[in-house]
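Q: Sequence below, structure please.
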Amino acid sequence: MTFLETITSPADLKALSDAECQVLTKEIRDTLITTVAGTGGHLGPNLGVVELTTAIHRVFDSPCDTILFDVGHQTYVHKLLTGRYAQFDTLRQRDGLSGYPSRAESEHDIIENSHASAALSWGDGIAKAHQLKGESERSVVVVIGDGALTGGMAWEALNNIAADSSQPPRRLIIVVNDNGRSYAPTVGGFAAHLDSLRASSNYEKLLSWGRDRLQQSGPPGRAAYTAMHGMKKGLKDMVAAPATGMFDELGIKYLGPVDGHDLESMEKTLTRAKNFDQGPIIVHAITQKGHGYAPAIEDEADQFHAVGVIDPLTGRSQPSTGTSWTSVFGSEIVEIARTRTDLVAITAAMLMPVGLEKFAAEFPDRVFDVGIAEQHAVASAAGLSYGGLHPVVCLYATFLNRAFDQLLMDVALHRQGVTFVLDRAGVTGPDGASHHGIWDMAMLQIVPGLRLAAPRDATRLAEEFREAVEVSDAPTVVRFSRGTVGTEIAALRRTADGVDVLAETPASLPADVLIVSVGALADRALAVSEALRAQGIGTTVVDPRWVLPVPESVLDMGKEHALVAVIEDGVKIGGIGSQIRQDLRDDDSRTGVLELGVPDEFLPHGTRDEILEYAGLAVPDMVDKILRILPADIVDRVERTATRTG
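A: A predicted model of the protein is given here:
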């Protein structure tokens, strides 16, 4: 039996010797590689925190001591050390372990959302709660890194943490996991500052040498070491002046930098931090993303930040079986930029994941990676637009939530021409509750003047994106799904206001149901249509292309049918179906509307098809819902026809 198999809680770590812990860290690293190679997930970040996480659980006592991770994708090691080894091969699988912290899994997990830069605020609040309840011996440890300190919310928290002067001081330990990267190398002024902190390791080496050599030299040497140690502030200012100055100015005690892969050094430094009883303290750990796994280290792009299924020996991924939505967009923006010199792109620490690597390679001066700072990205885009450019803000749909105020008040209110490209919109799959992009359409439909497109295939994505960047006086949004683009679906005809009709009601049947298909669900909409027609129900299928505002022709066709069924992979409360219902009521139409969308809940993780089925968007389920809500006269007609033909 391996040491890892014996770990049922962090308390078990304390019984291991230092030598046994070294073996344990190798077992953890091997388990990470073999498991994530089969399930996919965030491999590089977790390989980089093996020793750091082990040291934290050796020094602190979770869950009495609260341990928070920012961002949550670096918690695989934490899961293994908190009794979840036996379930680890179910990582990111339906009904298996989440790829992020999960309170349902363990009392050791606290923050589930994994939207970066929030953990310091959580830590501040938890530490205040401990203090007010008289629980002064409980520590709060916040592990923040992998780019999270580039987010403005982290600095709002630091500002408040540093300003606190309560007595007794709160026990808050901030562990900066400094790997120099988020997805790719971290950008911005703070990243440069951390680079200088890495360089300051010369100071630590000098002090360590002085301690070891001088203390071995008898009373004179120890006296000399004491004098040298007394010059600590001045020495650090001289050798590493840029390194700690900012933290000194904040008034937060600083320890480091320390080698985050040296388990003994990490434990000693964390023990010093735990015993520091004069307020918050920062421990600066230098780590390497992908540490201990050559294929990850050699991957200059993102050091295996997130991988699909790979060969654990070589790190090679399985050959792609199709074209991704992201790559279609990535090629199209380059084509447009070659003729549109005013086109610029902005992203928030996600250059590669949103498909901008080709754009950045060809137009390096026209792409701006602002770090994990979505609010700044959007407000900056408003300024770029005012300055005469057309910015394209590229984000995962779930992260647009963080910049809604800027979109509303900085872009829309000022009628600035900014295009938002939302990758991973709708149901995304194995990343789970915090990463499904299901709120964007409900959220954005209240923004005055905003126009939103939802392409059904690659051709429409290129077409609608080109239309979006032509709009110069309002925000435009193009949203698309995660994964591979499906089969091209040609339209039978296009209305004057740009709506594609994908299937017409046969002349032999009345106009019973208008099926409105939003985005990548067109294939399911057509399958629902066929199933209903097989039962004698007349159906028309339309793809509005631009779903907000709702095109007039969709409303006109809706009035001609007995029921409108809207199929969308966003929340149905406040979604496109709700908007169509409201618009029809405003036109005094009595046509019924059935919203076939995602329930108003936090969806679990699994494959996209599994989650769509869970959400009630499998074809048989949608057919059944439509049949149950059809007007009685249509049901009677269908039953009579079935009786005659039976």
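Q: Pop out the phi and psi values for the most centrally placed residue in the chain.
A: Among the residues of the chain, the one closest to the centroid is residue 435, at 5.2 Å (C-alpha atoms, centre = their mean). Residue 435 adopts backbone torsions of phi -110, psi -10, taken as degrees, to the nearest 10.
Q: now it: how far from residue 304?
A: 19 Å (C-beta to C-beta, to the nearest Å). No exception for glycine: its C-beta is placed from N, CA and C like everyone else's.
Q: ok, now residue 40?
A: 11 Å.
Q: ranges for the helices of the stretch 201-350 of the chain?
A: 201-215, 218-230, 232-250, 263-275, 294-297, 325-337 (DSSP state H, counting those that start in this stretch).
Q: Report the separation between the residue nearest to the centre of the chain and residue 478.
A: 19 Å.
Q: what's the answer for residue 555, then?
A: 22 Å.
Q: Which one's more surrounded, the two?
A: Set side by side, residue 555 and residue 478 show more neighbours around residue 478, with 28 against 17, by other C-beta atoms under 10 Å.
Q: model confidence over the helix or strand harbouring the more buried one, on average?
A: Taking DSSP states H and E as the definition, residue 478 sits inside strand 476-479. The pLDDT scores in strand 476-479 average 98.
Q: Partner strands of that strand, with direction?
A: Applying DSSP bridges to the sheet, strand 476-479 is found paired with strand 419-423 (parallel), strand 451-453 (parallel).
Q: Give me the residues contacting that strand.
A: 329, 397, 417-422, 425-426, 437, 440-441, 444, 450-455, 461, 464-465, 468-469, 519, 548 (C-beta atoms under 8 Å, 6 or more residues apart in numbering).
Q: What is the subsequent helix or strand relative to it?
A: In N-to-C order, the element after strand 476-479 by DSSP H and E is strand 493-494.
Q: Can you list the strands that that following strand pairs with?
A: strand 500-503 (antiparallel).
Q: ok, residue 475 touching residue 421?
A: No - the criterion here is C-beta atoms under 8 Å, and residue 475 misses it with residue 421 at 11.8 Å.
Q: What residues of the longest helix belonging to the chain count as buried?
A: Using DSSP state H, we find that the single longest helix of the chain is helix 18-39. For helix 18-39, burial by neighbour count (16 or more other C-beta atoms under 10 Å) applies to 21, 24-25, 27-29, 31-33, 35-37, 39.
Q: now swap in stretch 600-608 and tell me
A: Those would be 603, 604, 605, 606, 608, for stretch 600-608 by 16+ other C-beta under 10 Å.
Q: would a markdown table of those residues with distance to residue 364, secondary structure and pLDDT be doable?
A: As requested, those are exported to a markdown table (distance: C-beta to C-beta, whole Å; DSSP: H, G, I helix; E, B strand; the rest coil; pLDDT from 0 to 100):
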| residue | distance to residue 364 | secondary structure | pLDDT |
| --- | --- | --- | --- |
| 603 | 38 | coil | 94 |
| 604 | 40 | coil | 93 |
| 605 | 36 | coil | 94 |
| 606 | 39 | coil | 93 |
| 608 | 34 | helix | 93 |
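Q: hmm, back to that, model confidence over the helix or strand following the longest helix of the chain, on average?
A: Beyond helix 18-39 on the C-terminal side, the first helix or strand identified by DSSP H and E is helix 43-47. Averaged across helix 43-47, the pLDDT comes to 94.
Q: Which other helices and strands does the helix or strand containing residue 634 contact?
A: For residue 634, the element it lies in under DSSP H and E is helix 632-645. Helices and strands touching helix 632-645, by 3 or more C-beta pairs under 8 Å, 6 or more residues apart in numbering; DSSP states H and E: there are none.
Q: who touches it?
A: With C-beta under 8 Å, 6+ apart, helix 632-645 has contacts from 512, 535, 536, 537, 562, 627.
Q: what about it, average pLDDT?
A: pLDDT averaged over helix 632-645 gives 84.
Q: element containing the residue lying closest to residue 77 once chain neighbours are set aside, please.
A: Excluding the flanking residues, the one nearest residue 77 by C-beta to C-beta, 6 or more residues apart in numbering is residue 53, at 4.1 Å. Using DSSP H and E, residue 53 falls within helix 50-59.
Q: how about that helix as PDB, C-alpha atoms only?
A: This file holds the C-alpha atoms of helix 50-59, laid out as PDB (Å, rounded to 0.1, in the frame of the first residue of the first chain):
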ATOM      1  CA  VAL A  50       2.300  19.400  -4.600                       C
ATOM      2  CA  GLU A  51       4.900  20.300  -2.000                       C
ATOM      3  CA  LEU A  52       3.200  23.600  -1.100                       C
ATOM      4  CA  THR A  53      -0.200  22.000  -0.400                       C
ATOM      5  CA  THR A  54       1.400  19.100   1.500                       C
ATOM      6  CA  ALA A  55       3.300  21.600   3.700                       C
ATOM      7  CA  ILE A  56       0.200  23.600   4.400                       C
ATOM      8  CA  HIS A  57      -1.700  20.500   5.600                       C
ATOM      9  CA  ARG A  58       1.300  19.400   7.600                       C
ATOM     10  CA  VAL A  59       1.500  22.800   9.400                       C
END
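Q: quick one: contacts of whatever helix or strand comes next after that helix?
A: Tracing the chain C-terminally past helix 50-59 and defining elements by DSSP H and E, one meets strand 66-70 next. Contact with strand 66-70 is made by 56-57, 60, 75, 78, 101, 108, 110-111, 116-120, 122-123, 126, 138-145, 148, 154, as judged by C-beta under 8 Å, 6+ apart.
Q: Which among those count as buried?
A: 56-57, 60, 75, 78, 101, 108, 110-111, 116-120, 122-123, 126, 138-145, 148, 154.
Q: Between residue 40 and residue 304, which has more neighbouring residues?
A: Shown here are residue 40 and residue 304; by other C-beta under 10 Å, residue 304 has more neighbours (26 against 19).
Q: ok, now which ones touch the closest residue to residue 279 other than its chain neighbours?
A: Counting by C-beta to C-beta, 6+ apart, residue 279 lies nearest to residue 169, which is 3.9 Å off, once chain neighbours are set aside. For residue 169, the contacting residues are 277, 278, 279, 280, by C-beta under 8 Å, 6+ apart.
Q: hey, what's residue 144 bridged with?
A: Residues in beta-bridge contact with residue 144 (DSSP bridges): residue 70, residue 176.
Q: what sits against it?
A: 70, 117, 119, 120, 154, 174, 175, 176, 177.
Q: Quick check: the farthest pair among the residues you listed?
A: 117 and 175 (15.0 Å; C-beta to C-beta).
Q: where does the chain have low pLDDT?
A: Low-confidence segments of the chain (pLDDT under 70): 181-248, 646.
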